[in-house]
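Novice: give me a 3D structure for the following:
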Amino acid sequence: MSTHEIKVALVSGANTGVGFQIAKALAENGYKVYLGSRDLQKGELAVAKITGDVQAIQLDITDSDSVKAAVKIIEADHGYLTLLVNNAAISHAGKPGRTMEEVLGSQSASIAPLSELKEVWETNVFSTLAVTQSFLPLLKKSPAARIVTVSSALGSLGINSNPENPYRSSFDAVYGASKTALNGIFLSLAIELENTNIKVHLVSPGFTATALNNFQGTDTVEEGSVEPIRVALAEDLPNGSFTGPANFAGPDNILPW
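Specialist: Alright, predicted model coming up:
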């Protein structure tokens, strides 16, 4: 068993992309990192590329048994959790191999299959909250804990209500609106926890080239990971923050809700 002097972090969806970069940065900064991956073997391959105290852990956020097992492992190893990074997400649940344009074209509110909308929201919204609820008891046992949830500027109603926003047409009912719902739920959680030992932050990587958009984003994974890494490592940000990269955000990288 360890003491609270060891900072313990769990990053979901961390075997690749932004999640991997966050896990790598945390390990390099002295955290004991649990690298969450739906496929444990892929997680172990990712761990082999990281220097530091990092351990692969099987975690499918849509599987309650998988989540419970992850909680038990970290509870047995440490008894608390310092940092939860909710990174796992999907952009669609339809036919694989489509371009980003094809996916977005099928996810407009007027034509989006409700079955696909429900499946994406099940992962991005409900399962992300379920994981957070499951780990709250361990977070409460840390003197100063944080929840960092990777969202998207695409979910900002303030940005998308502006006709001058060049990405406005990409605000779809399936993925984009799932991030809006995610923002609302985690802002609610931030308000609920504002007088506790736990801070809640939301962060957007920007338009990053990852599997979520068929690697068609304008920023590299390394570029898109800069702000999520900053937020994951920062311990003095105000509770309830929503930030993003400088080219999307205002002063102090703050994004409008």
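Novice: show me where pLDDT drops low in the stretch 151-257 of the chain?
Specialist: Scanning the stretch 151-257 of the chain with the threshold set as pLDDT under 70 gives 207-219, 248.
Novice: what's the closest non-adjacent residue to the most centrally placed residue in the chain?
Specialist: Central residue of the chain (Cα atoms, centre = their mean): Asn87, 2.4 Å from the mean position. Of all residues not flanking Asn87 in the chain, Gly19 sits nearest, at 3.8 Å (Cβ to Cβ, 6 or more residues apart in numbering). Backbone N, C-alpha and C define where each C-beta goes, glycine included.
Novice: pop out the phi and psi values for that neighbour.
Specialist: Backbone geometry at Gly19, expressed as degrees, to the nearest 10, gives phi -60, psi -40.
Novice: surely it touches Ala9?
Specialist: No: assessed by Cβ atoms under 8 Å, Gly19 is found out of contact with Ala9, at 11.5 Å.
Novice: which residues do those two both contact?
Specialist: Val85 (Cβ atoms under 8 Å, 6 or more residues apart in numbering).
Novice: quick one, helices of this protein?
Specialist: Secondary structure of the chain (DSSP state H): helices at 17-28, 40-47, 64-77, 100-105, 114-121, 128-140, 157-160, 175-192, 221-224, 226-233.
Novice: output those helices in TSV; the columns should cover distance to Leu83.
Specialist: Output for the helices of the chain, formatted as TSV (distance: least, Cβ to Cβ, whole Å):
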stretch	distance to Leu83
helix 17-28	7
helix 40-47	18
helix 64-77	11
helix 100-105	31
helix 114-121	25
helix 128-140	8
helix 157-160	27
helix 175-192	15
helix 221-224	20
helix 226-233	7
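Novice: among those, show me which one is buried the most.
Specialist: Comparing the helices of the chain by mean neighbour count (mean count of other Cβ atoms under 10 Å), helix 17-28 ranks first with a mean of 25.
Novice: now do that helix against helix 40-47, angle only.
Specialist: If you take axes from the mean of the first three to the mean of the last three Cα atoms, to 10 degrees, helix 17-28 sits at 60 degrees to helix 40-47.
Novice: what's in contact with helix 17-28?
Specialist: 9, 11-14, 33, 35-36, 46, 49-54, 83, 85, 87-88, 150, 205, 208, 210-212, 221-222, 224-225, 228-229, 232-233.
Novice: alpha carbons only: can I get it in PDB?
Specialist: Extracted C-alpha coordinates of helix 17-28, given in PDB (Å, rounded to 0.1, in the frame of the first residue of the first chain):
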ATOM      1  CA  GLY A  17      -4.200   9.200 -29.400                       C
ATOM      2  CA  VAL A  18      -4.600  12.100 -26.900                       C
ATOM      3  CA  GLY A  19      -5.200   9.600 -24.000                       C
ATOM      4  CA  PHE A  20      -1.800   8.000 -24.600                       C
ATOM      5  CA  GLN A  21      -0.100  11.400 -24.700                       C
ATOM      6  CA  ILE A  22      -1.800  12.400 -21.400                       C
ATOM      7  CA  ALA A  23      -0.800   9.100 -19.700                       C
ATOM      8  CA  LYS A  24       2.800   9.500 -21.000                       C
ATOM      9  CA  ALA A  25       3.000  13.100 -19.600                       C
ATOM     10  CA  LEU A  26       1.600  12.100 -16.200                       C
ATOM     11  CA  ALA A  27       4.100   9.200 -15.900                       C
ATOM     12  CA  GLU A  28       7.000  11.500 -16.800                       C
END
